[in-house]
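Chemist: Curious how this folds, go ahead:
(chains A and B)
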Amino acid sequence: MRRRDQRLMTIAAAGAVLVLAATLTFVGLRDSVTFFVAPSELAEKAQAGQRVRLGGLVVEGTLRRDSDGAMRFAVTDGAAQVDVRYAGLLPDLFREGQGVVAEGVWTPGGAFEAERVLAKHDETYMPREVAEAIKERGEWKGQ
Amino acid sequence: MIAEIGAFAAALALVLSLAQGAMGLTASHRDSRAAATAAMAQAAAALCVLAFACLIAVFVQSDFSVAVVAANSHVDKPLMYKIAGAWGNHEGSMLLWCTVSALFGAILASTRGGQSLGLWSRSVGVQGLVTAGALIYTLFMSPPFARLDPAPMMGAGLNPLLQDPALVAHPPLLYLGYVGLSVPFSLAIAALIEGKADQAWARALRPWTLAAWTFLTVGIGVGSYWAYYELGWGGWWFWDPVENASFMPWLVAAALVHSAIVTERRGSLAGWTILLAIMGFGLAILGTFLVRSGVLTSVHAFAVDPTRGIAMLALLLIAMGAGFGLYAWRAPKLAQPSGFAAVSRESMLVWNNFGLAVAAGVVLIGTLYPLIVEAAGGGLISVGPPFFNSTVAPLIGVLFLLLPLGPMLTWRVGDMRAALLRLAPAAALAVATLLGALALSGWRVAPAIGLALGVWLIAGGLIYLWVRLQRGEGRFGAKLALLPLAVWSMSLAHVGAGVLTVGAIAETAFRSERAAEMAPGDGVDFAGWRVTLLDVVGAEGPNYSANRANFRIERRGAAFPLSAERRFYPTSPMPTTEVGIRSGLDGDLYLALGDAVRDRPGAWSVRLYHNPLVHLIFIGALMMAAGGVLSLIALARRRRMKL
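Modeler: Numbers count the residues shown, from 1 in each chain, chains lettered A, B, ... in the order given. From the prediction side, this is the model:
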C-alpha cells in the first residue's frame, strides 16, 4: 500500500510539472510571439500597441539622429515607407539600402518605436522574411 | 586530381558502410561476419579521413576549379583559415559529419568490452547505416568535390565574420557532439533488436554519451564566447533557432548521461535510456537540419536550398521512424529489475531526466512553432527570448532546486531528512544571497532568485565533496588523494552549472551600455572606468585593412592601454568589429569602434559596455566540460582495471 501511495505521489508531482510547463508554453506562445509585417501591411495587420517585427530595406539618406540621441530611419518594401525610431545602439551590420528587421510597437500617426533592431550581412544574408516581403511586392532585384 | 581521389574515397566509403550495415545486422556466432564488420568499419573510416584530407588539400592549394573552394576561399587567406575553410561551408561540414561518424564506427568496432557478440555487431552495423545515410546525402545532395568549368581565377573569400580562431574549433567540436550522439543511438537500436539492455550494454553506452555531452558543452561554450567578442555588442546567447538546435541535444545528452548511470549501476531505467538515446540523435539531426536548411531566419543560416532540407528531413524521418517503431515493438520485452523508493538517488535522477526532457521539449516547441504557423498559413512570426526566458528558466530553476539533493541520497532508499540537514549551510547561503540581491537590485525578484539558485548549486557541490571527505579513516590529505575521480567530476560539473548560472544572471540582468561620440583626447566616465580615446590609426592585416582606435582606460589610479578595430575586407562589403575587452574580477569592460561621425570631423562613434561577471559563464561551461572529461578518465581507468 505504501509503495502504491509513493508511486501515485510521484505521478501526481510529474503531472503537476507537466501542466506547469504546458501552461508556461501556452501563455508564452500567446504573449511573446511577434508577427512579421512589411511596411505596406503595417496599417492593416498591426494593431496599435501590439509588438511586431517590421522588415524591409533602410531607405538611403534617411538615417539621422534626434536631439535626444535616438536614431531615426525609414524602412521600405517598395510599396510603403515607415518611419522608425530607435533609442538603442544600431548593430554593426546596419546600413542604409540594406535589409533590416525592427522589433517594436507602432502607433498610428507616430513613428515605429523599435526596441530591437536586427541587421543582416549583405544581400545574400538578407532576412528571409524581408526577401519574401519584397518578392511579394515584385520589387526583388536579386536572383 | 586530388579532388577526384577524394570523391572516389568517399564513394568507396559509402559502399563499405552499407556492407558494414548489412554484415553487422546479420552477424552470428557461426560465421566470420562479425570480424568482417569490424574490418569494414575501420576501412570506411580510413577512406573518409582520406576524403576529408583531400578536401583540406584542395583548400590549401586554393584549387578554384573545385566549386566549394571557389565559393568559400581566397588566395590571400592565412593558412589556418584556408584549412578551417574546409568545414566553414555546407558541403565540407557535411563531409566532416560523415568522417566523424565513420571514425566513431571504427572506435565502436574495436571496443567490444563485455558486450555480447550480438549487441556489439548490431551496434556497429547500425552505425555503418548512419554513416551510409550521411554519405548518401553528402555525395548526392551536396557533393564537396564538384568541379567548375571554366575555373574562376579567384575565390569569393570566406565571410569575414568567420575569419576567427573560433572557426577552427567551434564547428568540429559541435559535430563531434552531434555525431557522438549517433553512437548511443546505434547502441540503443542494437539493444532493441536483441531485446536486451543489460549493465554491460550500459557500460558501453556511458563513455559515448559523456564524450558527446562534453564535446557539445565545449562546442556551445566556444560558440557563445565567439558571439560575445565577435558580433560587437556583447551578446552571448540569443535563443536563436540555431543555438536552440545545439541546446536541445545538449539537454537530452545531459539527461542521458544521468540515466545511463542508473542503468549501469542499478540495471533499471533501461527503456527510458534507450528512448533518450533515440531522441538525442533525432535532435542532433534536427540540429544539423535547422543549421543547414535555412528554414529559420538566423545568424547562422547559410544554405537556402529546399531540396537539401527535404532530403535531410527524410533521413531524420527514417532514423526516428526506425527508432521509435522498434521501441514500440521491442521495448516491452526489456526486463525491468530492481525497484527504488520515491526518496532515493534513482528517483532524483528520474526527476533530473524528467526536467531536462521537458525543457528540451519546450525549446523544441518554441523553435518549431514559427515553422508550424507559417505552414498552416498563419503568417510569419518569430518566437524570441521572452518566450524562452519565461518558460525554460522556471523549469531549469526547479531542476536546480532539486539538484544538490541527488548526490546526498543513497541508491534504492534515501534519507531526505539527513540530506536536507547536511545541505542546510548551502540553503542558508542561498537565502542570504537572495535577500542581499533583492536589497541591492531594488527588489528585482527574478535575477535575485537566479543568483540564489547559482549559489545553492555551488555550495551544494562543495558540501558533497566535504561529505565524501568525512568518510573513512586517515589524515585529511590522504583522504583527499584517495577520493574517487567520479566524486570530483560530479562535484565539478554541478559547481560549474552554478557558476554558469551566476554569470548568466548577472550579465543578463545587470549589464550596462552607452554610446558616445569621441574625438582623440575625449574622455568618458563609464561603469567606474575613465575611458580616453588616444588616436585612431590605419592598420593593415594579411587580407584586410583596419581602423584601430587606441584607448587609455583608468580605474582607481591604474591605467591600461586597450584598442578596438574596425576591419574592412576587400572581398566583403561589410566591415567587421574587433572589440577591445579588459577583463577584471568584476567582469568585462568592452569597447567597440563604430563609424566616423558625419557632422563632426575627427570624431568616432564608440560603444561602451560593462558586462558584470560575464567570464563566469565561460568558466562555468569549462568546469562542466572538465567534469565530463574527469568522468571519462574515471570510466577508462575502471575499464583497464577490469581487463
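
Chemist: can we go C-alpha only for contacts and neighbour counts from here?
Modeler: Noted.

Chemist: can I assume residue B:560 sits in a strand?
Modeler: Yes: looking at residue B:560 with DSSP: H, G, I helix; E, B strand; the rest coil, it is inside a strand.

Chemist: Tell me how many other residues crowd it.
Modeler: 11 (other CA atoms under 10 Å in any protein chain shown).

Chemist: So in terms of bridging, what pairs with it?
Modeler: residue B:553 (DSSP bridges).

Chemist: which residues does residue 96 contact?
Modeler: Just going to use chain A. Shown in contact with residue A:96 (CA atoms under 8 Å, 6 or more residues apart in numbering or on different chains): A:57-63.

Chemist: oops, I was thinking of chain B
Modeler: B:52, B:87, B:172, B:175.

Chemist: how about JSON lines for these, with neighbour count, pLDDT and distance to residue B:235 added?
Modeler: Formatted as JSON lines, the contacts of residue B:96 follow (neighbours: other CA atoms under 10 Å in any protein chain shown; pLDDT from 0 to 100; distance: CA to CA, whole Å):
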{"residue": "B:52", "neighbour count": "24", "pLDDT": "96", "distance to residue B:235": "33"}
{"residue": "B:87", "neighbour count": "23", "pLDDT": "87", "distance to residue B:235": "24"}
{"residue": "B:172", "neighbour count": "20", "pLDDT": "89", "distance to residue B:235": "22"}
{"residue": "B:175", "neighbour count": "25", "pLDDT": "89", "distance to residue B:235": "23"}
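
Chemist: Skipping adjacent residues, who's closest to the residue nearest the centre of chain B in space?
Modeler: In chain B, the residue lying closest to the centroid (CA atoms, centre = their mean) is residue B:216, at 2.6 Å. The spatially closest residue to residue B:216, leaving aside those adjacent along the chain, is residue B:177, at 4.6 Å (CA to CA, 6 or more residues apart in numbering or on different chains).

Chemist: just residue B:473 next, same as before
Modeler: Nearest to residue B:473 is residue B:479, by CA to CA, 6+ apart, at 7.8 Å.

Chemist: Is it correct that that neighbour is in contact with residue B:469?
Modeler: Yes: Residue B:479 lies in contact with residue B:469 (CA atoms under 8 Å); the separation is 6.3 Å.

Chemist: From residue A:41, how far off is residue A:83?
Modeler: Distance of residue A:83 to residue A:41, given as CA to CA, to the nearest Å: 14 Å.

Chemist: which of these two has more neighbours?
Modeler: residue A:83 (18 against 15).

Chemist: ok, back up a step: next, count neighbours for the residue nearest to residue B:473.
Modeler: Neighbours around residue B:479, by other CA under 10 Å: 16.

Chemist: mind checking pLDDT for it?
Modeler: Looking at residue B:479, its pLDDT reads 80.

Chemist: The helix or strand hosting residue B:173 packs against which elements?
Modeler: Counting by DSSP states H and E, the element that carries residue B:173 is helix B:165-180. Counting contacts by 3 or more CA pairs under 8 Å, 6 or more residues apart in numbering or on different chains; DSSP states H and E, helix B:165-180 packs against helix B:79-85, helix B:90-109, helix B:199-230, helix B:270-293.

Chemist: Next, format those helices as TSV and append mean pLDDT.
Modeler: Conversion of these to TSV gives the following (pLDDT from 0 to 100):
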stretch	mean pLDDT
helix B:79-85	88
helix B:90-109	93
helix B:199-230	92
helix B:270-293	88
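
Chemist: Distance to residue B:487 added to those helices, as TSV?
Modeler: Putting the helices and strands packed on helix B:165-180 into TSV (distance: least, CA to CA, whole Å) gives the following:
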stretch	distance to residue B:487
helix B:79-85	38
helix B:90-109	27
helix B:199-230	15
helix B:270-293	22
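
Chemist: Of the ones you listed, which is nearest residue B:557?
Modeler: helix B:199-230 (26.9 Å; CA to CA).

Chemist: one step back: and which of the contacts of residue A:96 is nearest chain B?
Modeler: residue A:63 (11.2 Å; CA to the nearest CA).

Chemist: got a list of what the residue nearest to residue B:473 touches?
Modeler: Residue B:479 makes contact with B:469, B:472-473, according to CA under 8 Å, 6+ apart.

Chemist: What I need now is the residues you listed written out in a markdown table, including distance to residue B:591 for each item.
Modeler: Converted to a markdown table, the contacts of residue B:479 look like this (distance: CA to CA, whole Å):
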| residue | distance to residue B:591 |
| --- | --- |
| B:469 | 45 |
| B:472 | 53 |
| B:473 | 55 |
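
Chemist: list the contacts for residue B:512?
Modeler: Applying CA under 8 Å, 6+ apart, the residues near residue B:512 are B:527, B:609-611.

Chemist: Spell out which helix or strand contains the closest residue to chain B within chain A, please.
Modeler: In chain A, the residue that lies nearest chain B is residue A:35 (4.2 Å; CA to the nearest CA). In this structure, residue A:35 sits in strand A:33-37 according to DSSP H and E.

Chemist: Which residue, neighbours along the chain excluded, lies closest to residue B:93?
Modeler: Residue B:93 sits nearest to residue B:87 (CA to CA, 6+ apart), 4.4 Å away.

Chemist: Assess the claim that the one you found and residue B:171 are in contact.
Modeler: Yes: the criterion here is CA under 8 Å, and residue B:87 meets it with residue B:171 at 7.3 Å.

Chemist: and for the two, which residues touch both?
Modeler: With CA under 8 Å, 6+ apart as the test, residue B:87 and residue B:171 both reach residue B:93.

Chemist: just to revisit the earlier point, now, which of the contacts of residue A:96 lie close to chain B?
Modeler: With CA under 8 Å from any CA of the partner chain as the criterion, the contacts of residue A:96 include none near chain B.

Chemist: contacting residues for residue B:263?
Modeler: Counted by CA under 8 Å, 6+ apart, residue B:263 has contacts B:198-199, B:202, B:269-270, B:273.

Chemist: what do you get if the cut-off is 7 Å, keeping everything else the same?
Modeler: By CA atoms under 7 Å, 6 or more residues apart in numbering or on different chains, the residues touching residue B:263 are B:199, B:202, B:269-270.

Chemist: which among the contacts of residue B:479 gets closest to chain A?
Modeler: Closest to chain A, out of all of those and judged by CA to the nearest CA, is residue B:469, at 32.4 Å.

Chemist: could you point out the longest helix in chain A?
Modeler: Criterion DSSP state H: the longest helix present in chain A is helix A:2-31.
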